[in-house]
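Chemist: prediction below, plus the sequence it came from.
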Amino acid sequence: MRLWICIALLSMALCASADRPAFLQGIARAGQFVRDAVGGARDMYRAYSDMREANYRGADKYFHARGNYDAARRGPGGAWAAKVISDAREGWQSSVSGRGAEDTRADQEANAWGRRGGDPNRYRPKGLPSKY
């Protein structure tokens with residue numbers, strides 16, 4: 001009986017340390033991508049909420065860069081979510097807000113800067129409360 005218990009424990013130890021099959025690794029990577037994407041969407045929403053709360057003139061580029069930066073730091077899923085959300089937002093705003101192509105281009109530049117890992121404080125306006 002002790003022999004079988006030792007064999008069972010040894011088998012479990014070997015199986016636990018073995019590499020996963022490629023199929024399971026793919027599922028794990030896909031799951032991580034989805035978790036990153038959801039977290040990235042949450043980061044983008046938090047930056048948007050802070051921008052609305054701050055209601056500070058000239059701070060929109062900072063919040064665009066910060067949301068994209070935070071989302072991209074989560075990984076490929078977060079960067080993907082940030083790009084999709086940013087592109088959709090700018091596409092919608094350029095047709096509705098009437099601020100013009102120049103503002104859309106500047107917003108997209110701030111979005112890309114944040115996704116590449118650039119410091120969002122590059123776009124931080126003077127006087128913006130330290131809470132943000």
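Modeler: Structure's in. What do you need? Numbering: from 1, shown residues only.
Chemist: residue 48 contacts residue 64, doesn't it?
Modeler: No. Between residue 48 and residue 64 there is no contact under C-beta atoms under 8 Å: 9.2 Å. In this view, the C-beta of every residue, glycine as well, is placed from N, C-alpha and C.
Chemist: who's more crowded, the two?
Modeler: Set side by side, residue 48 and residue 64 show more neighbours around residue 64, with 29 against 16, by other C-beta atoms under 10 Å.
Chemist: which parts of the protein are strands?
Modeler: With DSSP state E, there are no strands along the chain.
Chemist: so, low pLDDT: which residues of it?
Modeler: Along the chain, segments meeting pLDDT under 70 span 6, 8-18, 97-98.
Chemist: distance check, residue 87 against residue 47.
Modeler: Relative to residue 47, residue 87 is positioned 16 Å away (C-beta to C-beta, to the nearest Å).
Chemist: more neighbours: the two, which one.
Modeler: Applying other C-beta under 10 Å to residue 87 and residue 47 shows that residue 47 carries more neighbours, namely 24 against 12.
Chemist: for the more buried one, which non-adjacent residue is spatially closest?
Modeler: Once flanking residues are discounted, residue 47 sits nearest to residue 67: 3.0 Å by C-beta to C-beta, 6 or more residues apart in numbering.
Chemist: which residues touch the one you found?
Modeler: Contact partners of residue 67, counting by C-beta atoms under 8 Å, 6 or more residues apart in numbering, are 43, 44, 46, 47, 48, 82, 114.
Chemist: export the residues you listed to a markdown table and tack on distance to residue 106?
Modeler: Listed next are the contacts of residue 67 as a markdown table, based on distance: C-beta to C-beta, whole Å:
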| residue | distance to residue 106 |
| --- | --- |
| 43 | 21 |
| 44 | 18 |
| 46 | 22 |
| 47 | 16 |
| 48 | 17 |
| 82 | 17 |
| 114 | 13 |
